[in-house]
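>>> Attaching a predicted model along with its sequence, questions to come.
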Amino acid sequence: MKPKPIPSTPNRVVRSLPVAAAVAGLITLTACASAPPAPTHALQAAETAITSAEQARVADYASVELNEARENLAAARKAVQEENMERAERLAKQSRVNAELASAKAELIKAKAINEEMEMSLEVLKQEMQRGSGERP
């Protein structure tokens, strides 16, 4: 019996190309199929915005928006547990926007109240000046 000749190097390379291509394809498919990472930055930004709003007592002026922010953050965390990272990121971003909206709304309400106070004080001063000078309003 004659020993089998060892195939030449070019033949070995040609035969291993389909195997290498299949392995590369599997790696690519696995990489594409894996879930994206959790949106930790978006979640942290939402948490920070909510905490900041709570510390500024925003709930006294914009409780609806702040509650929506909290609900969206809770839904984002649930989406992370369900490995739905795209939904989690969208909800976390919406949560941050709602918290920022609540803060802005509260600041606007506070600014309007200060403006009204100043206008009333100005009116009182005008009346006092007119009385002091003998003029009538």
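Yep, it's here.
>>> Could you say which helix or strand holds the residue positioned nearest the centre of the chain?
The residue lying closest to the centre of the chain (C-alpha atoms, centre = their mean) is Lys93, at 2.3 Å. Taking DSSP states H and E as the definition, one finds Lys93 inside helix 85-133.
>>> OK, contacts around Glu119?
For Glu119, no contacting residues are found, by C-beta atoms under 8 Å, 6 or more residues apart in numbering. (Each C-beta comes from the backbone N, C-alpha and C, glycine too.)
>>> Repeat that for Leu73.
Applying C-beta under 8 Å, 6+ apart, the residues contacting Leu73 are Leu43, Ala46, Glu47, Ile50, Leu91, Ala92, Ser95.
>>> redo that, cut-off 10 Å
Leu73 makes contacts with 42-43, 46-47, 49-50, 91-92, 94-96, 98-99, as judged by C-beta atoms under 10 Å, 6 or more residues apart in numbering.
>>> ok, and the most crowded of those?
Ala99 (29 neighbours; other C-beta atoms under 10 Å).
>>> doesn't Gln55 make contact with it?
No: using C-beta atoms under 10 Å, Ala99 makes no contact with Gln55, being 11.5 Å away.
>>> shaky segments in this structure?
1-35, 134-137 (pLDDT under 70).
>>> could you redo the last one with a cut-off of 80?
1-35, 133-137 (pLDDT under 80).
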